[in-house]
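Enquirer: need a 3D model of the following:
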Amino acid sequence: MKVKLKFIPLKYKNKEIIIIDQTKLPHKIVYKKLKNYKQLGNSIKKLEIRGAPLLGIASAFGILLAIEKFQTNNFNLFYNYFKKVANYLKSTRPTAVNLFHSIERIEKIILENKNKSIKEIKLLIKKEAEKIFNEDLEISYKIGEYGSELIKDGDVILTHCNAGGLATSGLGTALACMFIAKLKNKKFEVIATETRPLWQGARLTTWELLKWNIPVTLICDNTASYVMKLKKVNLVITGADRIAKNGDTANKIGTYNLALAAYYHKIPFYIAAPSTTFDLKIENGSQIPIEYRNSKEITMPFGKKISPDNVKTLNPAFDVTPSKLISGFITEKGILYKPFKKSFKKLL
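Expert: Predicted coordinates:
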């Protein structure tokens, strides 16, 4: 089945990275040109570009952008500059493991070819970055294929944050399941949480679903358990930013709440994520680093002050859902069920 993408959130052209500035959506589509890796890092920090798989793609092209403009014939100077760029990009979003995986792939290319000329190494890095992008497209489609089989006519699916084309190379993870189901002419509806504090669900997920003509209802984050109680939800599918060896999963803050409510109401709760989001080096969720963000995202949403001066805030970007609450993982290699350690080892 061929999938026509509605947009491509990131392109590399003429030694520039061109992104859709996601902070401007849904009211207007603004393309932004990034001319160096520091500009890319700033866009990542400001969430102009976001989503675990897309951060992996962005980091690969960010390194390419930096090294193509760095002139030297000395391998040690070249490698030290790569490490400087890589360490900076790693610092931008510590929770999403895809970013780290892509950088590791680029570093492997560099070290395996250190006896070649810098010009040849640069070409190999460009090929690897393009490969990472193209692989994500194929992976997103496969995730969508497997996940679509879970969706039945008449279903109401709840999703959180944005795990669509804007978070990947253009198709998505959790939303890819719905997009492929739509192409198979399945009749279903989606409930999207607003997703505090930056409203990725309200601004981005609803925008994408409407582009696909999929019926969507937007709710406040704290409405989810109520609609589950009313038996308005048959299935929950979210994305992920890092998955530990035992299945504990970090995703946008509020995912844990949803998993608890779904578990109580006996609603299947699935995570859709590529194999690059699994971090089998860590045993459980307590080892996943959690990013904490600026208090102004709570006190001054969209620049509008809504709280008293000097109020204390707590603004984690992610939480960790224990594996006990997760029904399964939708990956490009199939749907992984419990016991997760065994299924992870077999397929990943």
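Enquirer: Y12: which element?
Expert: strand 10-13 (DSSP states H and E).
Enquirer: export that strand as PDB, just CAs?
Expert: The C-alpha coordinates for strand 10-13 follow below in PDB (Å, rounded to 0.1, in the frame of the first residue of the first chain):
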ATOM      1  CA  LEU A  10      12.400  18.300   7.900                       C
ATOM      2  CA  LYS A  11      14.500  18.500   4.800                       C
ATOM      3  CA  TYR A  12      18.300  18.900   4.100                       C
ATOM      4  CA  LYS A  13      19.100  21.000   1.100                       C
END
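Enquirer: that one packs against which elements?
Expert: strand 16-20, helix 52-68, helix 118-148 (3 or more Cβ pairs under 8 Å, 6 or more residues apart in numbering; DSSP states H and E). Backbone N, C-alpha and C define where each C-beta goes, glycine included.
Enquirer: quick one: closest of the ones you listed to A261.
Expert: Between A261 and the helices and strands packed on strand 10-13, the tightest spacing by Cβ to Cβ is seen for helix 118-148, at 20.7 Å.
Enquirer: show me what the closest one is packed against.
Expert: Against helix 118-148 (3+ Cβ pairs under 8 Å, 6+ apart) you get strand 10-13, helix 52-68, helix 75-92, helix 97-112, helix 174-183, strand 269-272, strand 328-331, strand 334-336.
Enquirer: tell me the mean pLDDT for that helix?
Expert: Helix 118-148 carries an average pLDDT of 98.
Enquirer: skip ahead from that helix and say which helix or strand is next.
Expert: strand 156-159.
Enquirer: return the distance of that next one from the chain's centre.
Expert: Its chain's C-alpha centre and that of strand 156-159 lie 18 Å apart, by Cα atoms, centre = their mean, to the nearest Å.
Enquirer: which residues are in contact with it?
Expert: Under the criterion Cβ atoms under 8 Å, 6 or more residues apart in numbering, residues 151, 174-175, 178, 188-193, 201, 205, 224, 227-228, 232-238, 258, 262 lie in contact with strand 156-159.
Enquirer: alpha carbons only: can I get that strand in PDB?
Expert: The C-alpha atoms that make up strand 156-159 are tabulated as PDB, following Å, rounded to 0.1, in the frame of the first residue of the first chain:
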ATOM      1  CA  VAL A 156     -12.900   5.100  19.700                       C
ATOM      2  CA  ILE A 157      -9.200   5.500  20.200                       C
ATOM      3  CA  LEU A 158      -7.600   7.800  22.700                       C
ATOM      4  CA  THR A 159      -4.100   9.200  22.000                       C
END
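Enquirer: for the record, mean pLDDT for that strand?
Expert: Rounded mean pLDDT across strand 156-159 is 98.
Enquirer: that one pairs with which strands, and in what direction?
Expert: Applying DSSP bridges, strand 156-159 is found paired with strand 189-193 (parallel), strand 235-238 (parallel).
Enquirer: worst-scoring helix or strand of this structure, pLDDT-wise?
Expert: helix 340-347 (a mean of 91; mean pLDDT, DSSP states H and E).
Enquirer: may I have that one as PDB, with CA atoms only?
Expert: Extracted C-alpha coordinates of helix 340-347, given in PDB (Å, rounded to 0.1, in the frame of the first residue of the first chain):
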ATOM      1  CA  PHE A 340       8.400  -8.100  27.600                       C
ATOM      2  CA  LYS A 341      12.000  -9.000  28.400                       C
ATOM      3  CA  LYS A 342      11.600 -12.200  26.400                       C
ATOM      4  CA  SER A 343       9.700 -10.600  23.400                       C
ATOM      5  CA  PHE A 344      12.200  -7.700  23.300                       C
ATOM      6  CA  LYS A 345      15.200 -10.100  23.200                       C
ATOM      7  CA  LYS A 346      13.600 -12.300  20.500                       C
ATOM      8  CA  LEU A 347      12.600  -9.500  18.100                       C
END
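Enquirer: who are the packing partners of that helix?
Expert: In terms of contacts (3+ Cβ pairs under 8 Å, 6+ apart), helix 340-347 is packed against strand 334-336.
Enquirer: give me the average confidence score over the strand it packs on.
Expert: So the average pLDDT for strand 334-336 ends up being 97.
Enquirer: what lines up beside it in the sheet?
Expert: Sheet pairing of strand 334-336 (DSSP bridges) gives strand 328-331 (antiparallel).
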